[in-house]
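**Q** Quick check, what structure comes out for this input:
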Amino acid sequence: MRPQPEPSSAGAERPGAALVEHYPRLVRLGYLILPQAPDRDRRVLTAHALAQRSLQAALRAGPAHDGVLSPPRRPSRSAPADPGYAYVRSRVVRGALAAGRGAGPGHRPRLRPLPPLLPLAWGLRLLPHAGGAGQLALEQELSEVSRAARAAFALRGLEGLADGEIRRELADAGVADPHAALTEADGVASPAALLASPGFDACSLQARPPDLPRRRRYARAGLVALAALLVCGALLGLPCDGWGHSAPAAPPYARDPAAEKALDPAALLRVPADFWRRSARTDFTAWPTRGDRADDTALLRRALAVWARPGEGVRTSATPRTPEGPPMGPPQLLYAGEVGASRVVLFHDGLRVVRYAEPRAAGAAGAALDFARVDGADAAASGALVVDRGRDGVRYLTAPWVRGVRVRDLLAPDRAPRALHRTADGVTDALPSPVNASGCTSWSALELAGPGAVRLVTDLGELAPARLTSGAPAHPHDVSGRAEHASWARTACLLAAVSSHGVRAVNSWVYARQPLPEGTGTAEWLCTRAETWRGTGSRVLAVFQPLPAGPGGTPPPGAVAARAEDSPACGTRTPRALAGVLWKSRTGRWYVLAAGSEQFASLTASGGVSARARGRLLAVPARAGDRARLDGELADGSRVGVLR
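**A** From the prediction side, this is the model:
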């Protein structure tokens, strides 16, 4: 690129005079070269700005140089060969070509400069006068060629420069290929004389109002954006220690007064020790606040902060369909203390029990947060909670109305239960959890002695232990007596199939007893139903359990004959069951055995085995691998299929 010539000190005033004399021509030249978008009034203002900046540049550069500006080789047809004018015109061409540059290859995009602060007119648009059809056609043609071609066309038609001068002007303005620009300008079909028409005169203007509806929309959008910016700035400037900043908790995002109140240790609901004696409800809301760290504000603040914003190092678990969000209001504090190797806090917010645990050891990192639904809990379902789960076993926090705790092995019904020690706060000693055992050689359950009842509960891997009951679905009751304990001894190992499922209670019901073929003993048919806290997702198992022929024998393990999920079978709504198995006797013969509850009047087998039996028991010879379809007829004549 050739160096840009500068005016001499003697001619410092000549560019100013040239600008004043030829200002309309310079503005028109810039207006023609500028891009056609975004609108005409912007082009007008930019063209005037280019002309004025070119004058300022000439005045600044003039006194500093002593060289003489070489006049053009051939004077233009419509303008004098004035060095000052040539310099200002060159500045205008350079600025117009640079405006909006960056769309082509090899150029870096430029940000659009901000409009000058002053002068500024609101609600006013300045437009050139409307032209005729020829001017509109020329405007359209110029919008379709490159900026360099527009500059070449304008310098030729408006300034009357020869092609060589045009190439030099374009080269000085930074155009990479002036010859190609001239060739492209030759393709403009409209006559160059139209460049002198009023439609391209950016000094003869008409004032018009803006698009008022669009202006109002822009104003509203600007106000909304400004308000959002102010709010974000205010939030970013706030301190972040209002919710108890702690290592396990994530940083707070915003300050919410209602949420802060819910997470304030001073606002926690604390229940007196003897409130449960006069409370109208016997559930978790009547549990007193207990624990040797119940007044540890720092611990409670950390627990609440982690509950609201669990960080990356927090291990979180929840029973199915249990929300894990922060409390809607100040929760009830059930317990806060040191248990085993952890500091533990238990909360209750009416819907959930939440357990927070952190290591007691100094410098140890990590925390745990567990959620469990307990909505609708009654006295039978609110007898105990898991307060700690460690390597040495599970510790429970028992309800204040529990007078004693004993441990029973469900697989040893004849073995007497043993007492389990509790602290003054109701925390039991550690007890091995059956869900963590490698095999089903024993199954520990708790007997909670309360007012008028001894309830049997067991750990299924969640905060709330599941209650175990026996009896028909219409009237389930607490497990008692040797027969019911023996029945659970044959069912306990099946509880592993419903662990970590949000189970509230499991009822096991012997719905039929059937003599086995060939006089080899008797079998019991059990229906085991696991109800969940959420009301859906119940699991039902039909179990075939052969009994020993003689007294004192050990029963063989039972077999799951059928299973179903989210089924009303074996429940209060549909208290019936039907299932069948392919059974092999001691002599090696095969039989299809089936049994239904007392609602069935007859049973039918079809498919691989065809048979019909009056009553609710069926036993027919079969072959190995036979598949039979079973259904039954109820006393009212309706037909029902097997459990599935």
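**Q** Spell out, range by range, the helices that occur in this structure.
**A** 13-33, 40-61, 83-98, 133-143, 147-157, 163-172, 178-186, 212-236, 257-262, 275-278, 297-308, 481-489 (DSSP state H).
**Q** quick one, domains of the chain?
**A** 13-208, 241-377, 576-644 (automatic domain parsing).
**Q** what's the closest of the helices of the chain to residue 614?
**A** In terms of Cβ to Cβ, the element of the helices of the chain nearest to residue 614 is helix 481-489, at 27.5 Å. (Glycine included, C-beta is placed from N, CA and C.)
**Q** re earlier: name the stretch among the helices of the chain that sits most buried.
**A** Compared across those, helix 147-157 shows the largest average neighbour count, a mean of 25 (mean count of other Cβ atoms under 10 Å).
**Q** Report the angle between that helix and helix 178-186.
**A** Compare the direction of helix 147-157 with that of helix 178-186 by axes from the mean of the first three to the mean of the last three Cα atoms, to 10 degrees and you get 70 degrees.
**Q** tell me what helix 147-157 is packed against?
**A** helix 13-33, helix 83-98, helix 163-172, helix 178-186 (3 or more Cβ pairs under 8 Å, 6 or more residues apart in numbering; DSSP states H and E).
**Q** Excluding residues flanking it in the chain, which one is nearest residue 536?
**A** Ranked by Cβ to Cβ, 6 or more residues apart in numbering and with sequence neighbours excluded, the top spatial neighbour of residue 536 is residue 566, at 6.0 Å.
**Q** quick one: low-confidence parts of the stretch 451-600 of the chain?
**A** Residues of the stretch 451-600 of the chain meeting the criterion pLDDT under 70: 548-557.
**Q** can you pull out the strands in it?
**A** Shown for the stretch 451-600 of the chain, the strands assigned by DSSP state E, counting those that start in this stretch span residues 453-458, 466-470, 477-478, 503-515, 522-532, 539-547, 559-565, 578-584, 590-596, 600-607.
**Q** what lines up beside the longest one in the sheet?
**A** It stands for strand 503-515. Partners of strand 503-515 in the sheet, by DSSP bridges, are strand 466-470 (parallel), strand 522-532 (antiparallel).
**Q** Any idea how far stretch 269-279 is from the middle of the chain?
**A** In terms of Cα atoms, centre = their mean, to the nearest Å, the centre of stretch 269-279 is found 39 Å from the chain centre.
**Q** Quick one: residues in contact with it.
**A** Contact with stretch 269-279 is made by 282, 285-290, 294, 330-333, 399-401, as judged by Cβ atoms under 8 Å, 6 or more residues apart in numbering.
**Q** Equivalent analysis for stretch 604-612, please.
**A** Residues contacting stretch 604-612 (Cβ under 8 Å, 6+ apart): 580, 592, 594, 602-603, 613, 618, 620, 622-623, 625-633.
**Q** Out of the residues you listed, which end up buried?
**A** Neighbour-count burial (16 or more other Cβ atoms under 10 Å) is assigned, among the contacts of stretch 604-612, to 580, 592, 594, 602-603, 618, 620, 622, 626, 628, 630-633.
**Q** Taking those, tell me the two that lie furthest apart.
**A** Greatest spacing in the buried ones among the contacts of stretch 604-612, by Cβ to Cβ: 626 and 633 (22.2 Å).
**Q** And residue 46, how far from residue 142?
**A** Going from residue 46 to residue 142 by Cβ to Cβ, to the nearest Å gives 16 Å.
**Q** Please pull out the lowest mean pLDDT helix or strand from the protein.
**A** strand 205-208 (a mean of 59; mean pLDDT, DSSP states H and E).
**Q** Just the buried residues of stretch 530-542, please?
**A** 530, 531, 532, 533, 534, 537, 538, 539, 540, 541, 542.
**Q** now those in JSON lines, with distance to residue 164?
**A** As requested, the buried residues of stretch 530-542 are exported to JSON lines (distance: Cβ to Cβ, whole Å):
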{"residue": "530", "distance to residue 164": "96"}
{"residue": "531", "distance to residue 164": "97"}
{"residue": "532", "distance to residue 164": "92"}
{"residue": "533", "distance to residue 164": "92"}
{"residue": "534", "distance to residue 164": "88"}
{"residue": "537", "distance to residue 164": "89"}
{"residue": "538", "distance to residue 164": "94"}
{"residue": "539", "distance to residue 164": "94"}
{"residue": "540", "distance to residue 164": "98"}
{"residue": "541", "distance to residue 164": "99"}
{"residue": "542", "distance to residue 164": "103"}
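**Q** Out of these, which comes closest to residue 225?
**A** The shortest gap between residue 225 and any of these belongs to residue 534, at 43.9 Å (Cβ to Cβ).
**Q** sorry, back to before: nearest to residue 316, out of the helices of the chain?
**A** helix 297-308 (9.3 Å).
**Q** For the closest one, output the C-alpha coordinates as CSV.
**A** Extracted C-alpha coordinates of helix 297-308, given in CSV (Å, rounded to 0.1, in the frame of the first residue of the first chain):
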residue,chain,number,x,y,z
THR,A,297,-25.6,-24.0,66.1
ALA,A,298,-22.6,-24.6,63.8
LEU,A,299,-23.5,-28.2,63.2
LEU,A,300,-27.2,-27.4,62.5
ARG,A,301,-26.2,-24.6,60.2
ARG,A,302,-24.0,-26.9,58.2
ALA,A,303,-26.7,-29.5,58.0
LEU,A,304,-29.3,-27.1,56.8
ALA,A,305,-27.0,-25.5,54.3
VAL,A,306,-26.1,-28.9,52.8
TRP,A,307,-29.8,-29.8,52.7
ALA,A,308,-30.5,-26.7,50.7
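**Q** now that helix, how far from the chain's geometric center?
**A** Distance, stretch centre to chain centre, for helix 297-308: 23 Å (Cα atoms, centre = their mean).
**Q** Which other helices and strands does it contact?
**A** Using 3+ Cβ pairs under 8 Å, 6+ apart: helix 297-308 touches strand 332-339, strand 342-348, strand 352-359, strand 367-373.
**Q** Buried residues in the second one, which are they?
**A** Spelled out, it's strand 342-348. For strand 342-348, by 16+ other Cβ under 10 Å, it's 342, 343, 344, 345, 346, 347, 348.
**Q** again with the first one
**A** Neighbour-count burial for strand 332-339, counted by 16+ other Cβ under 10 Å, picks out 332, 333, 334, 335, 336, 337, 339.
**Q** contacting residues around it?
**A** 268-271, 284-285, 287, 289-294, 296, 299-300, 303, 343-350, 353, 360, 385, 387-388, 395, 397, 425, 427.
**Q** Contacts only, for the nearest residue to residue 378 once chain neighbours are set aside.
**A** Closest residue to residue 378 in three dimensions, ignoring its sequence neighbours and counting by Cβ to Cβ, 6+ apart: residue 283, at 6.0 Å. Residues near residue 283 by Cβ under 8 Å, 6+ apart: 377, 378, 379, 381, 382.
**Q** confidence score at residue 7?
**A** Residue 7 is assigned 43 on the pLDDT scale.
**Q** Also residue 14?
**A** For residue 14, pLDDT reads 49.
**Q** got any ranges where this structure has weak pLDDT?
**A** Looking along the chain with the criterion set at pLDDT under 70, you get 1-21, 37-39, 55, 58-82, 100-127, 129-132, 205-219, 231-259, 548-557.
**Q** switch to 50 and redo it
**A** For the chain, the stretches with pLDDT under 50 are 1-16, 18, 63-80, 102-122, 212, 238-246, 253-254.
**Q** hang on, the earlier thing: can you pick the most crowded of the contacts of stretch 269-279?
**A** residue 287 (27 neighbours; other Cβ atoms under 10 Å).
**Q** Now the strands of the stretch 451-600 of the chain in TSV, please, with extra columns for distance to residue 447.
**A** Below are these laid out as TSV (distance: least, Cβ to Cβ, whole Å):
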stretch	distance to residue 447
strand 453-458	5
strand 466-470	10
strand 477-478	9
strand 503-515	16
strand 522-532	20
strand 539-547	23
strand 559-565	27
strand 578-584	31
strand 590-596	31
strand 600-607	35
